[in-house]
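Novice: Whatever this is, show me its structure:
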Amino acid sequence: MFSVRMIRPLFFVRNSPSLVQLLSFSRQQECYFRSPGRRNRAPGSLVRFSHSLAAMAKGSTDERIEGVLSSLKGRHPGQNEFMQAVEEVLVSLKPLFEKQGEEDYLGAFNAIAEPERVIKFRVQYPTFGADGVELHTTTGYRVQFNSALGPYKGGLRFHPSVSESIIKFLGFEQIFKNALTNLPIGGGKGGCVFDPKGKTDSEVRMLCENFMKGLYRHIGPDLDVPAGDIGVGGREIGYMYGEYVRLRGQPDMGVLTGKSTDFGGSKLRPEATGYGLVYITLEALKKYNHYRYLPEDRRAGIAQNCFKGLKVLISGSGNVAQFAAEKVMELGGHVCSFSDSSGALSSNDGFTKDQLSELFHLKNVKRGRLSAMSSGQGLQYHAGTSVWQLGLNCDVALPCATQNEINLEGAKNLAAGGCWCVAEGANMPTTNEAVDYLKTKVDIYIPAKAANAGGVATSALEMAQNSARLFWSSEEVDEKLNGIMTNIFATAYKTAQDFDRPWDLQFGANAAGFLKVYKAYKAMGYLKF
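Specialist: Numbers count the residues shown, from 1 in each chain. Model (predicted):
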């Protein structure tokens, strides 16, 4: 029914070729003797692996970075999304590697970037049509990536695009995101290929129950605590928790987060990622003198409320986009766009509160398409396109849809439209090429690891409430969430300053998250041979 692949981390000491050779030989023995299914691996691949290890231990920083990247690509062939996420972090940390001294940051990175455990299992579910019942089979995934800081923590994604590569990329990002919250949680991610569009409630329930049948042996409040992600909201979490209780024969509120407040959930969990995105952006606006971008008639009251009068583009129309928009409008900003998989919806003057309420109802109750709102006053619907292809003017961009939604063309459209602040609400919504371009054009770029950490932070607060048998009010949770996001910005900002890279929040977030995991590895003896 399921298989578990455990990966032994590779550690080595910098500038010690003999030890590199020893570990390379050890890896060769593992390939031939520990894994019977891999005995016929071509000797040439082992030679290449040995060479990549040697490249990690000597040469320039660029050569050693390339050695680590080559090693990881060899271990995870064809997993493009995962390698994109790894390369983004690895290349951005070059200033840290150049100042590592006696520390072996690159060696530690090579180990951290290898999942501790990859779990795969069969998931079957029925659909009911005019021709009868059809049984579908798909693969369920749970990547338990890193537990140095605490139990594995990360969401479950039900979407047609799910693959092992995407789940690994999400789990890898989760390590550093969770580290930035300064809460005791490790990194993990899971999901399966499933398209909830057009499915009945019963079909969704049976998918959730069968997914949990493959997962329940591998999770627990002190081991691995999944939550929701794309395609998995409160309804799906409820179905999975119900099946978990039936399989275990006893309740355990702490095993999943994102639950309904009727049975152990936290206030503001649905709102948390969107609210947190706005809170950290607000901290950046407070720190940065952005007033010069605004004409005189838009500067009134800006010192008290940095979002007042700003034009904000938001992509997506799920929880993150909805509640980011709600908070931006509460703070006086003008939300000028949303999108879904069918197209984009824009408004030159900004959505009204009534229009936002209509969108909430459309997406959360009717589960409909944005095209149904195209007749609204002042709204324009653009079929088959994304927000970033429209060339709209804005001050702030909050991509909240999915990975790689902003490519180089989209980044150029943002720059041409006057955008000077980008904060990522989705996971890796910007291609590496587009990130490099935006960092030369916009003044503030906040990567997803920092900007969308509000969801997992509130999940950790839900875990704390479950453990203590407490239930905090919305005001208490909101205050804690705001404090966590404020601290994440301060940490990323200070880390960038410490390395003489002011406002390089990509480096600051990546370095701060990495160093926290590195120090945990070192304290636990994981970096000693």
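Novice: tell me the SS of K189?
Specialist: strand (DSSP: H, G, I helix; E, B strand; the rest coil).
Novice: right, and it touches S163 too?
Specialist: No - with contact defined as Cβ atoms under 8 Å, K189 does not count as touching S163 (11.9 Å). Using the backbone N, CA and C atoms, a C-beta is placed for each residue, glycine as well.
Novice: more neighbours, the two?
Specialist: Higher neighbour count among K189 and S163: K189, with 30 against 17, using other Cβ atoms under 10 Å.
Novice: That one: what's it in contact with?
Specialist: 141-143, 145, 154-157, 167-168, 170-171, 174, 229 (Cβ atoms under 8 Å, 6 or more residues apart in numbering).
Novice: Repeat the analysis, applying 10 Å as the threshold.
Specialist: 115, 141-145, 152-157, 166-175, 226-227, 229, 427 (Cβ atoms under 10 Å, 6 or more residues apart in numbering).
Novice: who touches both of K189 and S163?
Specialist: What both K189 and S163 touch, as defined by Cβ under 10 Å, 6+ apart, is the set 141, 169.
Novice: now Q355: how far from D349?
Specialist: 11 Å (Cβ to Cβ, to the nearest Å).
Novice: Spit out the residues that contact those two alike.
Specialist: Joint contacts of Q355 and D349 (Cβ under 10 Å, 6+ apart) are 377-378.
Novice: More neighbours: which of the two?
Specialist: Q355 (19 against 10).
Novice: The more buried one: what secondary structure?
Specialist: Per three-state DSSP, Q355 ends up helix.
Novice: That one: what's it in contact with?
Specialist: 335, 338, 345, 347, 373, 376-379.
Novice: Quick one: low-confidence residue ranges for the stretch 101-250 of the chain.
Specialist: Residue ranges of the stretch 101-250 of the chain with pLDDT under 70: none are present.
Novice: how far does stretch 65-76 sit from the chain's center?
Specialist: 22 Å (Cα atoms, centre = their mean, to the nearest Å).
Novice: mind listing what's buried in it?
Specialist: 65-73, 75-76 (16 or more other Cβ atoms under 10 Å).
Novice: do stretch 241-249 as well
Specialist: 241, 243-245.
Novice: count of neighbours near E116?
Specialist: Other residues near E116 come to 21 when the count uses other Cβ under 10 Å.
Novice: pretty sure it contacts F172?
Specialist: No - if you go by Cβ atoms under 10 Å, E116 and F172 don't touch, sitting 11.7 Å apart.
Novice: what residues do these two have in common as contacts?
Specialist: 143, 145-146, 187.
Novice: State the pair within those that is farthest apart.
Specialist: V143 and N146 (9.8 Å; Cβ to Cβ).
Novice: Narrow the buried residues of stretch 65-76 to those in strands?
Specialist: Within the buried residues of stretch 65-76, no residue falls in strands by DSSP state E.
Novice: so how far does stretch 366-383 reach from one end to the other?
Specialist: End-to-end span of stretch 366-383 (Cα to Cα, to the nearest Å): 20 Å.
Novice: model confidence over that stretch, on average?
Specialist: The pLDDT scores in stretch 366-383 average 87.
Novice: Distance from the chain centre to that stretch, please.
Specialist: Relative to its chain's centre, stretch 366-383 lies at 28 Å (Cα atoms, centre = their mean).
Novice: With stretch 504-517 instead?
Specialist: That offset, for stretch 504-517, works out to 15 Å (Cα atoms, centre = their mean).
Novice: And for stretch 105-122?
Specialist: 16 Å.
Novice: Nearest to F194 among the contacts of Q355?
Specialist: Looking across these and measuring by Cβ to Cβ, the closest to F194 is F338, at 23.6 Å.
Novice: What's the separation between the residue lying closest to that closest one once chain neighbours are set aside and A344?
Specialist: Nearest non-adjacent residue to F338, counting by Cβ to Cβ, 6 or more residues apart in numbering: S317, 4.6 Å away. In this structure, S317 lies at 10 Å from A344, with Cβ to Cβ as the measure.
Novice: anything in contact with each of the two?
Specialist: 337-338, 370, 401.
Novice: picking that back up, pipe the buried residues of stretch 65-76 into CSV and attach pLDDT and distance to G101 per row.
Specialist: Listed next are those as CSV, based on pLDDT from 0 to 100; distance: Cβ to Cβ, whole Å:
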residue, pLDDT, distance to G101
I65, 95, 17
E66, 96, 21
G67, 94, 19
V68, 95, 18
L69, 96, 22
S70, 96, 24
S71, 95, 23
L72, 96, 24
K73, 96, 28
R75, 96, 28
H76, 97, 30
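Novice: when you check those against the helices, which ones overlap?
Specialist: Secondary structure defined by DSSP state H assigns 65-73, 75 of these to helices.
Novice: does G190 have beta-bridge partners, and which?
Specialist: Counting by DSSP bridges, G190 is bridged to R142, L156.
Novice: Next, the contact list for it, please.
Specialist: So G190 contacts 119, 140-144, 152, 154-158, 162, 167, 170-171, 211, 215, 218-219, 224, 226-227, 229, 232 (Cβ under 10 Å, 6+ apart).
Novice: Ok, L398 next?
Specialist: 274, 277-278, 281, 312-316, 320-321, 324-325, 328, 333, 335, 337, 387, 421-426, 429, 446, 451-452.
Novice: how much space between it and A457?
Specialist: L398 is 18 Å from A457, by Cβ to Cβ.
Novice: Which of the buried residues of stretch 241-249 sits closest to K494?
Specialist: For the buried residues of stretch 241-249, the nearest to K494 is Y241 (39.2 Å; Cβ to Cβ).
Novice: Which residue, neighbours along the chain excluded, lies closest to the closest one?
Specialist: Nearest to Y241 is L256, by Cβ to Cβ, 6+ apart, at 5.2 Å.
Novice: Which of the contacts of Q355 are buried, as a PyMOL select command?
Specialist: In PyMOL, this line selects whichever of these come out buried by 16+ other Cβ under 10 Å:
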select buried, resi 335+338+345+347+373+376+379
